[in-house]
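In: need the 3D shape of this:
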Amino acid sequence: MISFGKFIKTEREKKGWSQTELGALIKVNTPLLSRIENDKKTLAFDKVKLLADTFEMDYQQVKDLYFADKTAKAAYKYKCSENVFTVAEKQFEYIKAANSIQGKLKF
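Out: Below is the predicted model of the structure:
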């Protein structure tokens, strides 16, 4: 597994693009893209769909990698135990169930 920044760099290099070329395609400047690829900055979420389209990749897959990376970095930064991911998965299922549309009961 690699960081989201390293993922971007790897995919950019596969395409044979410079940072300037990819930056122009996803509307970020070259110095910012360099910091993103080196894990010094995070790509703004509103650019993730554009990035997926630019790389001709599945948006859901790229979005999942984006949030997995962001979540893992936050957990590490705040010295959470690995149990945080089990708790987060349960919390996700709770939120999903609480927000599902219930069928109407007829009496």
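In: could you say which helix or strand contains the most centrally placed residue in the chain?
Out: By CA atoms, centre = their mean, the mean C-alpha position of the chain lies nearest to Tyr66, the distance being 1.0 Å. Tyr66 belongs to helix 59-77 when assigned by DSSP states H and E.
In: re the thing from before, quick check: the residue nearest to the centre of the chain touching Phe4?
Out: Yes: taking contacts as CB atoms under 8 Å, Tyr66 lies within contact range of Phe4: 5.5 Å. For glycine as for every other residue, the C-beta is placed from the backbone atoms N, C-alpha and C.
In: could you pull out the residues contacting both of the two?
Out: Leu43 (CB atoms under 8 Å, 6 or more residues apart in numbering).
In: pLDDT value on the nearest residue to Asn29 once chain neighbours are set aside, please?
Out: Spatial nearest neighbour of Asn29, excluding adjacent residues (CB to CB, 6 or more residues apart in numbering): Gly23 at 5.9 Å. Note on Gly23: pLDDT of 98.
In: contacting residues around Gly23?
Out: 29-30, 32-33.
In: with Asp39 instead?
Out: Shown in contact with Asp39 (CB under 8 Å, 6+ apart): 3, 5-6.
In: kindly report the same for Asp53.
Out: Counting by CB under 8 Å, 6+ apart, Asp53 touches Tyr59.
In: any weak-confidence spans in the protein?
Out: Counting by pLDDT under 70, the chain shows low-confidence ranges at 101-107.
In: hmm, Val62 and Ala52 touching each other?
Out: Yes: between Ala52 and Val62 there is a contact at 4.0 Å, judged by CB under 8 Å.
In: follow-up on the earlier one: among the contacts of Gly23, which are located in strands?
Out: Among these, no residue falls in strands (DSSP state E).
In: of those residues, buried ones?
Out: Neighbour counting with 16 or more other CB atoms under 10 Å marks Leu33 as buried within the contacts of Gly23.
In: out of the contacts of Gly23, which comes closest to Cys80?
Out: Minimum distance to Cys80 across the contacts of Gly23 is 28.3 Å, recorded for Leu32 (CB to CB).
In: Lys41 is in contact with the closest one, correct?
Out: Yes: using CB under 8 Å, Leu32 is in contact with Lys41, at 6.4 Å.
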